[in-house]
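Q: The following comprises the amino acid sequence and a computationally predicted model.
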Amino acid sequence: MAAKHMIGPLSRRHDVLVEVSQALHRLDKGYPFSELFGTANNDEIVPRLAGAWLDLLLRHKVDDRGRCSLCRPPRPKRRLRIPWPAGKSPCSILKTTAFFAYASPDIVWARLLPRIGIRRSLDEIRAHLANSAATHDFAGTIPIPVQADRSGRHAKPHKHITA
């Protein structure tokens, strides 16, 4: 197998998707977290994920309406007589990031599981999380928030990072 830096972009994307999908499958089955991106050390994994997330957010600079110039819809192949928007469009990176940052864990799992081929109802996900938290079978023990709290983990923070 070629060195990691010699792999093409499609292969690299596929490898990362497979590795993340396998890690989510292991977490869903209640196995202890073992390895991601070649390491089991959270001091290496968290900065890698946070760094990718931060880089995407800094590249997709948004205005006060949540629009960025990188997320413009593609121009149609056939020229139409209607004018095509040349400016900014709602930023899909910001929308996705905000969802995964502020949604409750049960809703996050409800969005993630179908993407890795697991079909489960929201009630089943909530029962699974509650059972896992009660028995401490779930790696990392993800708590289910009882109610929305303006100072809790899922409260929207004020502007911390400016770019």
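A: Received the coordinates, thanks. Numbers count the residues shown, from 1 in each chain.
Q: all strands for this protein, in order.
A: Ranges of strands in the chain, per DSSP state E, are 67-68, 89-90.
Q: Strand partners (parallel or antiparallel) of the last one?
A: Right, strand 89-90. strand 67-68 (antiparallel) (DSSP bridges).
Q: on that earlier part again, could the strands of the chain be laid out in a markdown table, adding distance to Glu35?
A: C-beta here means a position set from N, CA and C on the backbone, and glycine is covered the same way. What follows is the strands of the chain, written out as a markdown table (distance: least, C-beta to C-beta, whole Å):
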| stretch | distance to Glu35 |
| --- | --- |
| strand 67-68 | 34 |
| strand 89-90 | 36 |
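Q: residues making contact with the lowest-mean-pLDDT helix or strand in the chain?
A: Here the helix or strand of the chain ranked lowest by mean pLDDT, DSSP states H and E is strand 89-90, holding a mean of 81. Contacts with strand 89-90, where a contact means C-beta atoms under 8 Å, 6 or more residues apart in numbering, come from Gly66, Arg67, Cys68, Cys71, Arg72, Pro73.
Q: filter the residues you listed to the buried ones?
A: Arg67, Cys68, Cys71 (16 or more other C-beta atoms under 10 Å).
Q: what's the pLDDT at the closest residue to the second one other than its chain neighbours?
A: Once its chain neighbours are removed from consideration, Cys68 has its nearest residue in Cys91; the separation is 4.0 Å (C-beta to C-beta, 6 or more residues apart in numbering). pLDDT, Cys91: 87.
Q: quick one: Cys91 and Arg59 touch, right?
A: No - with contact defined as C-beta atoms under 8 Å, Cys91 does not count as touching Arg59 (10.2 Å).
Q: Give the residue from the two that has the larger number of neighbours.
A: Cys91 (23 against 11; other C-beta atoms under 10 Å).
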